[in-house]
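> Build the 3D model from these lines:
(6 chains)
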4 protein chains.
Amino acid sequence: MITVDESSPVPPFEQIREQLGDLIRTGAMEAGQRLPSIRQLAGDLRVAAGTVARAYSELEAAGLLELSRATGARVRPGHDVPENIRRAAADFAAGARDQSLTLEEALGVVRAQWRQT
Amino acid sequence: MITVDESSPVPPFEQIREQLGDLIRTGAMEAGQRLPSIRQLAGDLRVAAGTVARAYSELEAAGLLELSRATGARVRPGHDVPENIRRAAADFAAGARDQSLTLEEALGVVRAQWRQT
Amino acid sequence: MITVDESSPVPPFEQIREQLGDLIRTGAMEAGQRLPSIRQLAGDLRVAAGTVARAYSELEAAGLLELSRATGARVRPGHDVPENIRRAAADFAAGARDQSLTLEEALGVVRAQWRQT
Amino acid sequence: MITVDESSPVPPFEQIREQLGDLIRTGAMEAGQRLPSIRQLAGDLRVAAGTVARAYSELEAAGLLELSRATGARVRPGHDVPENIRRAAADFAAGARDQSLTLEEALGVVRAQWRQT
DNA sequence: GTGGTCTAGACCACG
DNA sequence: GTGGTCTAGACCACA
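Next comes the predicted model:
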């Protein structure tokens, strides 16, 4: 569900934080849902535990996660993106795939349009 | 038109390559149009000439640019994204802004939908 | 093992890339074997480190090398030329030497036959 | 029959000289045969006449060509490579093609074997 | 003037 | 120690 590209210049903890944040905001992880433990996720991603811990901690600071020693990490409510935005994103993604754009190219188009708005 | 963020983990030459590629694919720079010279752009961005040269060279390898000594760099045709894709991206960007998402959050939503398609 | 001819019109980084690629493809360097460090080789060849770095980087892009920080550069498997090809090349080289052809002339004969095949 | 790659670091006149020499040595052009005029060849290759003139002149200096104002350029005898060498080259080229090597890779194998002989 | 390369030295992140 | 990048200045070949 999450992948870490070690050849990327973006450090691993940022990749993890970013992708977890995406999952929460898009509703793929619902409010209250429990995340895998730090050690669990670290093992799956072949990454040091501290790396995952840092990602979790920054997500907590951003208000997306609730950390507690006893119950682990849970998704805090109120951060999912409205349905219409998700739909627009899905439509765009499907269209871009039809034209056989790469993900990077597709993101680039959004970035460019964002700047021109 | 192009900006380099020194605090980003993404190295400057990649930022430049990426943004120039976006401009070309979105049609902001038309086929055949001349790009600023390496030294010109380097000066504007406060960056060493070699940094811009590398970005140009990789764009040439990707088929987006045509480089030739003495005549400068020109945009190669056939790489602009279809109008409907641009429209979908613009619609999405506008909607995301209305919900006061940040650019990074908006890109995250697209990324997440892309993976789920 | 590798030489750089400064009087050649072929830039040094291409000469290095080419010769290293030859060594790998002909099996002179086995899969998994470690290459000299960038700075090491640069020192031996009396060349700037960036020059060797570029050669290594292009060999990585071609799939011949595996680069990783701190552990150095290693030969990736699966790119050595079949034994019978090596033998045919060796036979040809020996014959050409017997007729006292120069290397350039010998390569020219191969090039010409290649085009006529 | 001859091609000039303008993106190569090898200057055009060397490319032409090299390829013409190959044609003569491999017997594709027989002794006494007349070469195209300088202007003719220059026009075909989209190259300045002086470029071809320099290639011809160096081939004359190497003894492969005979230039005279009246009769144009003719191939001098005694420079074709022995049949067995041509055969070995053709065999090697065919084998390399079967393994789907590129020309550059094939030449690299010969180069490497040459050095190790 | 253009792109293309090289140099020498520097800093970073990683292990 | 490793690879990866940046800088500043230099030279070349081309048009």
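> neighbours around residue A:116, how many?
12 (other CB atoms under 10 Å in any protein chain shown). For the C-beta atoms, the positions are set from N, CA and C on the backbone; glycine is no exception.
> With residue A:105 instead?
For residue A:105, using other CB under 10 Å, the count is 17.
> now swap in the one 10 residues further on and tell me
The number of residues packed around residue A:115, counting by other CB under 10 Å, is 16.
> next one: residue A:25
Residue A:25 - counted by other CB under 10 Å - has 21 other residues nearby.
> wait, what's in contact with it?
With contact set as CB atoms under 8 Å, 6 or more residues apart in numbering or on different chains, residue A:25 has these partners: A:64, A:79, A:80, A:81, B:105, B:108, B:109, B:112.
> Would you map the helices across chain A?
A:12-25, A:38-45, A:49-61, A:83-98, A:103-116 (DSSP state H).
> Buried deepest among those, which one?
helix A:12-25 (a mean of 21; mean count of other CB atoms under 10 Å in any protein chain shown).
> Can you check the pLDDT for the spatially most central residue of chain A?
Nearest residue to the geometric centre of chain A (CA atoms, centre = their mean): residue A:19, 2.1 Å. pLDDT, residue A:19: 90.
> so what's the spatially closest residue to it that is not a sequence neighbour up against?
Excluding the flanking residues, the one nearest residue A:19 by CB to CB, 6 or more residues apart in numbering or on different chains is residue A:2, at 4.8 Å. For residue A:2, the contacting residues are A:16, A:19, A:20, A:23, A:41, A:45, by CB under 8 Å, 6+ apart.
> Now with 7 Å, please.
Going by CB atoms under 7 Å, 6 or more residues apart in numbering or on different chains, residue A:2 touches A:16, A:19, A:20, A:45.
> out of those residues, who's nearest residue B:52?
When the contacts of residue A:2 are compared for distance to residue B:52 (CB to CB), residue A:19 wins out at 31.3 Å.
> what's the distance between that closest one and residue B:102?
Per CB to CB, to the nearest Å, residue A:19 is found 16 Å from residue B:102.
> What residues does chain A have near DNA strand F?
Contact residues (CB under 7 Å from any atom of the strand) of chain A with DNA strand F: residue A:9.
> Give me the neighbour count for the residue in chain A that chain C sits nearest to.
Proximity of chain A to chain C (CB to the nearest CB) peaks at residue A:6, 8.3 Å away. Neighbourhood size, residue A:6 [other CB under 10 Å]: 11.
> From residue A:48, how far off is it?
12 Å.
> same check, this time on residue A:18
Distance from residue A:18 to residue A:48, by CB to CB: 18 Å.
> ok, now residue A:9?
Per CB to CB, residue A:9 is found 19 Å from residue A:48.
> again with residue A:85
Applying CB to CB, the value for residue A:85 to residue A:48 is 35 Å.
> got it, and residue A:114?
34 Å.
> Next: residue A:101.
Remark: distance between residue A:101 and residue A:48 (CB to CB) = 34 Å.
> Compare the two (neighbour count), which wins?
For residue A:101 and residue A:48, the more surrounded residue by other CB under 10 Å is residue A:101, and the numbers stand at 20 against 12.
> Contact partners for the more buried one?
Taking CB under 7 Å, 6+ apart, we find residue A:101 in contact with residue B:81.
> ditto for the one 4 residues further on
Contacts for residue A:105 (CB under 7 Å, 6+ apart) come out as residue B:25.
> got the contact list for stretch A:34-53?
With CB under 7 Å, 6+ apart, stretch A:34-53 has contacts from A:2, A:4, A:12, A:13, A:16, A:56, A:72, A:73, A:74.
> tell me how far the ends of that stretch are from each other?
With CA to CA, to the nearest Å as the measure, stretch A:34-53 spans 15 Å from end to end.
> Could you do stretch A:66-85 as well?
With CA to CA, one end of stretch A:66-85 sits 25 Å from the other.
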